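Undergrad: The following comprises the amino acid sequence and a computationally predicted model.
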There are 2 protein chains.
Amino acid sequence: MEIQIDIDGKAPLFAQVIAQIKKAVSEGELSAGDPLPSIRQLASDLEINNKTVAKAYNLLERDNIIQTKGYRGTYVHPSAIENCTADLNAWVIAELGKSINAFRDADVTDSEIRIAFTDVMNRHSSNGQSSSEPNSSGQNTA
Amino acid sequence: MEIQIDIDGKAPLFAQVIAQIKKAVSEGELSAGDPLPSIRQLASDLEINNKTVAKAYNLLERDNIIQTKGYRGTYVHPSAIENCTADLNAWVIAELGKSINAFRDADVTDSEIRIAFTDVMNRHSSNGQSSSEPNSSGQNTA
DNA sequence: TATTGTACCCCTACTTCATAGGGTACATTT
DNA sequence: AAATGTACCCTATGAAGTAGGGGTACAATA
């Protein structure tokens, strides 16, 4: 394993870890079933926090690049190579790009788009209320 | 014109101005062609900044609720009533909501969605670069 | 007992953004 | 000269999100 981490880099540490492991899988340095260093192990090797490595591992497992087997450690997923190229992120970017382009074509302000976005994100799965109704208990009048 | 502004309210001042004018149009207090107070005028009446009113007026004009005629002042748009109900914001929220629900169903992290979003927003119309490629001038190795 | 991944709690720092304001200036037209 | 909308400079505040760290604890297993 040759994981390179640039602490001063602009990319988040957990993202670098993910990219490095994906790269190792793509280039064949890591094959299906190969064991990965434990979270604590890799964290101390890279001199970063456990939680940072744990975050990277969690995302990698979600994408079926690796497989955690509890107390038995973490291993490269059987179909890691295929899932390695499947970029979930690219799909999200493409989808959002389409919507945002449509918004901008309709002269929607970037600021408005951002506000609407955080609006949607913050009503996790429950209810929803619009954000443009001022609650008149007014003071100044014209 | 009876515009109520709640300075201590949670809703942004410019949004309150917009809502109030829309309300006035909807309720018939303002009809097509009616003159609106000048930016400076309304600002001083409400004791808020010129730019705040200007912002509200700009958005209202974009939505064809009002019409600015340069030095001749600002007037209610001929088809203000119809455009008053058309909520551009609601459309944006609905569209984003559909996409975001799909992302979440695919187990995409909220954090990842947010990152992808700002990613897309920041490449205004020019180029685009992905945000997951660490620039190895690395320091720590494992 | 040691190690595995995992799940909590607390905390910090940094960045980005929206909002709001202050001020000055401009061309245009009355 | 006065008023119109508009554009530009500057500031400050607050909220939200992200990254990272420290610590402690758990069940399961060797």
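TA: Perfect, thanks for sending it.
Undergrad: Could you list the buried residues of the helix or strand containing A:Val120?
TA: In the assignment (DSSP states H and E), A:Val120 maps to helix A:110-122. By 16 or more other C-beta atoms under 10 Å in any protein chain shown, the buried positions in helix A:110-122 come out as A:112-113, A:115-117, A:119-121. Backbone N, C-alpha and C define where each C-beta goes, glycine included.
Undergrad: Report the angle between it and helix B:110-122.
TA: 170 degrees (axes from the mean of the first three to the mean of the last three C-alpha atoms, to 10 degrees).
Undergrad: who does helix A:110-122 touch, helix- and strand-wise?
TA: helix A:88-105, helix B:88-105, helix B:110-122 (3 or more C-beta pairs under 8 Å, 6 or more residues apart in numbering or on different chains; DSSP states H and E).
Undergrad: That helix and DNA strand C, are they touching?
TA: Yes - with C-beta under 7 Å from any atom of the strand as the criterion, DNA strand C is reached by helix A:110-122 at A:110-111, A:114-115.
Undergrad: Same list, those residues, but only the ones touching DNA strand D.
TA: Among these, proximity to DNA strand D is found for none (C-beta under 7 Å from any atom of the strand).
Undergrad: As TSV, those with distance to A:Gly33 and pLDDT would be great.
TA: Formatted as TSV, the residues of helix A:110-122 next to DNA strand C follow (distance: C-beta to C-beta, whole Å; pLDDT from 0 to 100):
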residue	distance to A:Gly33	pLDDT
A:Asp110	47	94
A:Ser111	50	94
A:Arg114	44	95
A:Ile115	48	94
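Undergrad: In JSON lines: those residues, plus distance to A:Gln67.
TA: Listed next are the residues of helix A:110-122 next to DNA strand C as JSON lines, based on distance: C-beta to C-beta, whole Å:
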{"residue": "A:Asp110", "distance to A:Gln67": "41"}
{"residue": "A:Ser111", "distance to A:Gln67": "43"}
{"residue": "A:Arg114", "distance to A:Gln67": "37"}
{"residue": "A:Ile115", "distance to A:Gln67": "40"}
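Undergrad: related to what we said a few turns ago, pull out the C-alpha coordinates of the helix holding A:Val120 and format them as PDB.
TA: Output in PDB follows, covering the C-alpha atoms of helix A:110-122 (Å, rounded to 0.1, in the frame of the first residue of the first chain):
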ATOM      1  CA  ASP A 110     -27.600  32.200  -8.200                       C
ATOM      2  CA  SER A 111     -28.400  33.400  -4.700                       C
ATOM      3  CA  GLU A 112     -32.000  32.300  -5.100                       C
ATOM      4  CA  ILE A 113     -30.800  28.900  -6.300                       C
ATOM      5  CA  ARG A 114     -28.600  28.500  -3.300                       C
ATOM      6  CA  ILE A 115     -31.300  29.500  -0.900                       C
ATOM      7  CA  ALA A 116     -33.800  27.100  -2.500                       C
ATOM      8  CA  PHE A 117     -31.100  24.400  -2.300                       C
ATOM      9  CA  THR A 118     -30.400  24.700   1.400                       C
ATOM     10  CA  ASP A 119     -34.100  25.000   1.900                       C
ATOM     11  CA  VAL A 120     -34.700  21.700   0.300                       C
ATOM     12  CA  MET A 121     -31.800  20.000   2.000                       C
ATOM     13  CA  ASN A 122     -32.900  21.100   5.500                       C
END
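Undergrad: I am finished for the moment; much appreciated.
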